[in-house]
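> sequence? don't have it. structure:
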């Protein structure tokens, strides 16, 4: 593993530390339900983490641009009760997951088994099957807002596609760090499921704490898996 050294290394660990500090503050604020404190600290979690990733792997822009897409989505979802902000935030996260997926495919494509064993075909079939299975629950979940049903199907599909690519990478023995990608994706699914539940079904106490805890673990898992793979 070749982490940045010298001046770049100092900047990397500085921004990583700032990101973890912002995350800690945001989670404390969410647990105590201090809304102003929570909203102020929220955008800095992914902003600082994205900068740290950009310093670590500057030659792989899709990875750190995915983090910055999450940063923009975090800002927009501060006002998630506003449908326009919610929709724009979902688009930002969709772009972020798309960039994660593209990054994983770029890494996997360099693995000989990916092209010679048609492993990609099994992943494609899994993604298409998942999309078909998501149509019915998404329609029921958003029966009062038909606009969000197709958005939910495509969003959840690209989210699970990241995990599918991570599982494929583990199965091919490409990198042990892909396990972190899969774990991060699972946390992301929990976070988004809880967010959807509180938005469309029933609110829960300390919702932002639980949503952000699983969301941040998801981002850390996916980004660390990608960065450690690229630096090995």
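Everything's here; your move. Small disclaimer: the values here were computed from a predicted structure and weren't measured. Numbering: from 1, shown residues only.
> Any idea how far the host helix or strand of residue 226 is from the middle of the chain?
Residue 226 belongs to helix 207-231 when elements are defined using DSSP states H and E. How far helix 207-231 lies from its chain's middle: 7 Å, per C-alpha atoms, centre = their mean, to the nearest Å.
> any idea how far residue 33 lies from residue 210?
12 Å (C-beta to C-beta, to the nearest Å). Placement of C-beta: from N, CA and C, glycine included.
> let me redo that: residue 106
Counting by C-beta to C-beta, the gap from residue 106 to residue 210 is 33 Å.
> Ok, residue 97 next?
For residue 97 relative to residue 210 (C-beta to C-beta), the value is 20 Å.
> Looking at the two now, which is surrounded by more residues?
residue 97 (25 against 19; other C-beta atoms under 10 Å).
> is it true that the more buried one touches residue 156?
No. Using C-beta atoms under 8 Å, residue 97 makes no contact with residue 156, being 9.7 Å away.
> so where is the chain shaky, pLDDT-wise?
1, 111-154, 200 (pLDDT under 70).
> show me what contacts the nearest residue to residue 65 once chain neighbours are set aside?
With sequence-adjacent residues excluded and distances taken as C-beta to C-beta, 6 or more residues apart in numbering, residue 65 is closest to residue 99, at 5.6 Å. For residue 99, the contacting residues are 62-63, 65-66, 69, by C-beta atoms under 8 Å, 6 or more residues apart in numbering.
> Next, give me the two most distant ones among those.
63 and 69 (11.0 Å; C-beta to C-beta).
> Looking at those two now, which is surrounded by more residues?
residue 63 (27 against 22).
> and the angle from whatever helix or strand residue 99 lives in to helix 207-231?
Element membership for residue 99 (DSSP H and E) is helix 83-109. Using axes from the mean of the first three to the mean of the last three C-alpha atoms, to 10 degrees, the direction of helix 83-109 lies 30 degrees away from that of helix 207-231.
> Begin at 12, not 1, for the rest of this chat.
OK, 12 is where the count begins now, so the last one is helix 94-120.
> Buried residues of helix 94-120, list them for me.
96-97, 99-112, 114-116, 118-119 (16 or more other C-beta atoms under 10 Å).
> and if you look at stretch 80-87?
80-87.
> Stretch 56-73 too?
Buried residues in stretch 56-73 (16+ other C-beta under 10 Å): 56-68, 71, 73.
> Pick out whichever of those residues sits closest to residue 23.
residue 66 (4.5 Å).
> In this structure the closest one contacts residue 16, no?
No. Taking contacts as C-beta under 8 Å, residue 66 lies outside contact range of residue 16: 11.2 Å.
> Now residue 71. Its backbone dihedrals?
phi -120, psi 70 (degrees, to the nearest 10).
> ok, it - contacts?
114, 237, 241.
> Save the residues you listed as a markdown table, and put in distance to residue 212 too.
Formatted as a markdown table, the contacts of residue 71 follow (distance: C-beta to C-beta, whole Å):
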| residue | distance to residue 212 |
| --- | --- |
| 114 | 33 |
| 237 | 33 |
| 241 | 39 |
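> Pick the one among those residues closest to residue 20.
Taking those together and measuring to residue 20 by C-beta to C-beta, the closest member is residue 241, at 16.0 Å.
> Just the buried residues of stretch 40-51, please?
40-41, 49-50.
> so which strand or helix has the spatially closest residue to residue 24 that is not a sequence neighbour?
Residue nearest to residue 24 in three dimensions, not counting chain neighbours: residue 63, with 8.0 Å by C-beta to C-beta, 6+ apart. If you go by DSSP H and E, residue 63 is part of helix 46-67.
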